[in-house]
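Trainee: Sequence and predicted model, in that order:
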Amino acid sequence: MSLNSPSRPDPRYSLPALLAPASLAKLVLIGVIVLVLAGLFAWAGGWLSPGKLDQTRIIDTFQDVNGPHPGFRRNHAKGVCLVGAFESNGAGARLSRALVFKLGSVPVIGRFALAGGMPMTADGPAAVRSMALQFDLPNGEMWRTGMNDIPVFPFKDTSAFYAQLATGLPDPKTGKPDPEAMKRFAAAHPDFVKAFALIRSKPFSSGFANAPYNGLNAFLLTDAGGKVTPVRWSMVPVDAFEPQPASAPADKNYLFDALAARVQKAPAQWHLILTVGQPGDPTNDATLPWPDGREQVDAGLLNVTRITSEAEGNCRDINFDPLVLPSGIAGSDDPLLAARSAAYSTSFNRREGEPKIPSAVQVPGGK
Amino acid sequence: MTPHFTLLSRVLHWLMAVLILAMLFIGVAMVSSLSDYHRLVSIHKPIGALILVLVAIRLINRLLHPPPPLPAGMPAILRFAAHASHWLLYALMVALPLVGWGMLSAGGYPINLVGSFHLPPILPHSSALYALLRPAHTLLAYLLFATFLVHLGAALAHAFLFKDGVFESMTR
């Protein structure tokens, strides 16, 4: 090589040399190696298995069922933001080394919402209500959780969740959902039927402020010594339970308006209750309640001091991924946690890039 | 004996080759996996931070120990392709972790690495910035994978077709 003059190109790089039969065979082999790697990449990215149940398909199906609502969450679409603080009493520190359980106060932002993918829907007695929270820990860690006012989750895994969602898809023949689809789903999912009966057996409260919100999925707490404890958590309201009115008021936003008025008067409060699981309590199936009588640790008080409309940079632009957790709290083996994390992320990626219109609930003076 | 890269250059090259290839596959797999999304994101972030540190060391090392010259007889067009593709690789090795870090910052996400150790945000929480950077991260990753394939094809061509010592300068 050193014999070659820099000014004269070496013939080994010339086209005729590369097109000689022996070289051509090697060239083809190199091409095959490169193509195989590209193929593996496509396989890893799911392009070779169209139609598999992934986060894209779940979010697409939400859009197909609810219609396009750009800029809004694909589920729990209608909501308002909350601002407050969590006053930890230190009792949770026995179970978890997470800073949020140390005695003291941490700021909280969050969101109250109605389950479902319609951002302009009217409030009603049947809608499931949710509370999503972000605890900002003093060292910069975050704890995010999304909770619902139902005692158990109706679906035990992703395929059951998806199958039920898909019963809302319009039938290509009629343009409307098949009324028999839900019956077929129920017949095929006895866990759903049992969980749904349990959900219906407990009356819903009259509003957001006196509703309990349950984390539903199990999580694992790790204490300072490394001991791991399975828990389910709940926000239990201080406001007394009142049953729902016999008929829904005419105001389309009566639940949210009542919440804003309630917080305007004084902070609304919830106790953070950690229910401690025992060996054998299911951590991977949120359709099953844990037995009564499990130890409950009151870890402190959530004070919601302000309700505001969704806007740039507030709760609107937070993905309440339930696996955003501080050290000392981890997800359990519940398959829905990973699926929620994945699907929320896809919904977030889409809505953040879409044009925004004002949310249904505009809180007076609340920005 | 042909000139070759220093030991540190070779170690950095092969270590980063493994990490970057793993990251590209983890990245493309996690966005279409319901069951493994979180697990994969949790390793994607610390490896991305590690790559950013390694590429900084690598660029400094490259300034201190320039690579061996290309064979004298290599035609100008191939020399240009070699230099351009290498600088593109370096640019993407720097850009991808930075865009990832910036995108998580703009999305309001915590940037957890290991345990309670996390990075501070480098951009404000902003839907517009997130909407710009999130797709940019994907596009740059595809570009990096494509550039890697070209790099691999060229390396194999040097090894088996040209037999000009370029491949060996990085393997021994």
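Mentor: Received, thanks. Quick caveat, the model's predicted, so the values are computed rather than measured.

Trainee: Which elements pack onto the helix or strand A:Arg351 falls within?
Mentor: Using DSSP states H and E, A:Arg351 sits in helix A:335-352. Under the contact criterion of 3 or more Cβ pairs under 8 Å, 6 or more residues apart in numbering or on different chains; DSSP states H and E, helix A:335-352 touches helix A:55-66, helix A:158-166, helix B:37-64, helix B:127-157. All C-beta spots, glycine's among them, are computed from the backbone N, C-alpha and C.

Trainee: got the angle between that helix and helix B:37-64?
Mentor: Orientation check (axes from the mean of the first three to the mean of the last three Cα atoms, to 10 degrees): helix A:335-352 against helix B:37-64 gives 60 degrees.

Trainee: Tell me which of the helices and strands packed on helix A:335-352 sits nearest to B:Val28.
Mentor: helix B:127-157 (7.3 Å; Cβ to Cβ).

Trainee: Direction-wise, compare the closest one with helix B:37-64 and give the angle.
Mentor: Angle between the axes of helix B:127-157 and helix B:37-64 is 60 degrees (criterion: the same axes, to 10 degrees).

Trainee: Buried residues, helix B:127-157. List them.
Mentor: Neighbour-count burial for helix B:127-157 flags B:127, B:129-134, B:136-137, B:140-141, B:144-145, B:147-149, B:151-154, B:156-157 (criterion: 16 or more other Cβ atoms under 10 Å in any protein chain shown).

Trainee: Run the chain-centre distance for whichever helix or strand comes after that helix.
Mentor: Next in sequence after helix B:127-157, counting helices and strands by DSSP H and E, comes helix B:168-171. Here helix B:168-171 is found 19 Å from its chain centre; the criterion is Cα atoms, centre = their mean, to the nearest Å.

Trainee: Once you drop chain neighbours, what's closest to B:Met74?
Mentor: A:Tyr13 (6.1 Å; Cβ to Cβ, 6 or more residues apart in numbering or on different chains).

Trainee: try B:Leu113
Mentor: Going by Cβ to Cβ, 6+ apart, B:Leu113 has B:Pro46 as its nearest residue, at 4.4 Å.

Trainee: So the one you found sits against B:Val114, correct?
Mentor: Yes: between B:Pro46 and B:Val114 there is a contact at 5.7 Å, judged by Cβ atoms under 8 Å.

Trainee: For those two, indicate the residue with more neighbours.
Mentor: A side-by-side neighbour count of B:Pro46 and B:Val114, using other Cβ atoms under 10 Å in any protein chain shown, places B:Pro46 first with 15 against 11.

Trainee: I'd like the distance from that one to B:His4, if you could.
Mentor: Distance from B:Pro46 to B:His4, counting by Cβ to Cβ, to the nearest Å: 32 Å.

Trainee: Mind jotting down where the helices sit in chain A?
Mentor: A:15-18, A:21-44, A:55-66, A:158-166, A:181-188, A:190-201, A:254-265, A:335-352 (DSSP state H).

Trainee: Figure out which of those helices is closest to A:Gly175.
Mentor: Nearest to A:Gly175, of all the helices of chain A, is helix A:55-66, at 12.1 Å by Cβ to Cβ.

Trainee: now check the closest one, is it near chain B?
Mentor: Yes: shown here: helix A:55-66 in contact with chain B (Cβ under 8 Å from any Cβ of the partner chain) through A:Gln55, A:Thr56, A:Ile58.

Trainee: can you list those residues in TSV and add neighbour count?
Mentor: TSV is the format used below for the residues of helix A:55-66 next to chain B (neighbours: other Cβ atoms under 10 Å in any protein chain shown):
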residue	neighbour count
A:Gln55	24
A:Thr56	17
A:Ile58	23
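
Trainee: so where's chain A shaky on pLDDT?
Mentor: Residues of chain A meeting the criterion pLDDT under 70: A:1-7, A:365-367.

Trainee: Taking chain B, what residue is nearest to chain A?
Mentor: In chain B, no residue comes nearer to chain A than B:Gly73, which is 2.6 Å away by Cβ to the nearest Cβ.

Trainee: Neighbours of that residue, how many?
Mentor: Other residues near B:Gly73 number 21, with proximity taken as other Cβ under 10 Å.

Trainee: From A:Ser14, how far off is it?
Mentor: 10 Å.

Trainee: cool, and A:Ile30?
Mentor: Taken as Cβ to Cβ, the span from A:Ile30 to A:Ser14 is 18 Å.

Trainee: Ramachandran angles for A:Lys356?
Mentor: Here is the backbone geometry of A:Lys356 (degrees, to the nearest 10): phi -110, psi 140.

Trainee: Whichever helix or strand B:Trp101 is part of and chain A in contact?
Mentor: In this assignment (DSSP H and E), B:Trp101 forms part of helix B:76-106. Yes: against chain A, helix B:76-106 shows contacts by Cβ under 8 Å from any Cβ at B:Leu78.

Trainee: Quick one: mean pLDDT for that helix?
Mentor: Taken as a whole, helix B:76-106 has an average pLDDT of 97.

Trainee: got it, and stretch B:25-36?
Mentor: Per-residue pLDDT values over stretch B:25-36 give a mean of 96.

Trainee: Export it to CSV, keeping only CA atoms.
Mentor: Written as CSV, here are the backbone C-alpha positions of stretch B:25-36 (Å, rounded to 0.1, in the frame of the first residue of the first chain):
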residue,chain,number,x,y,z
PHE,B,25,-32.8,-1.8,19.2
ILE,B,26,-34.1,-1.0,22.7
GLY,B,27,-35.5,2.3,21.5
VAL,B,28,-37.3,0.9,18.5
ALA,B,29,-38.6,-2.1,20.5
MET,B,30,-39.9,-0.2,23.5
VAL,B,31,-42.2,2.1,21.6
SER,B,32,-44.1,-0.9,20.3
SER,B,33,-44.1,-3.1,23.4
LEU,B,34,-46.9,-2.9,25.9
SER,B,35,-45.5,-5.3,28.4
ASP,B,36,-41.8,-4.3,28.2
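
Trainee: Give me every residue in the stretch 201-350 of chain A lying close to chain B.
Mentor: For the stretch 201-350 of chain A, the residues in contact with chain B (Cβ under 8 Å from any Cβ) are A:312-313, A:316-319, A:323-324, A:326-328, A:331, A:335, A:337-339, A:341-343, A:345-346, A:348-349.
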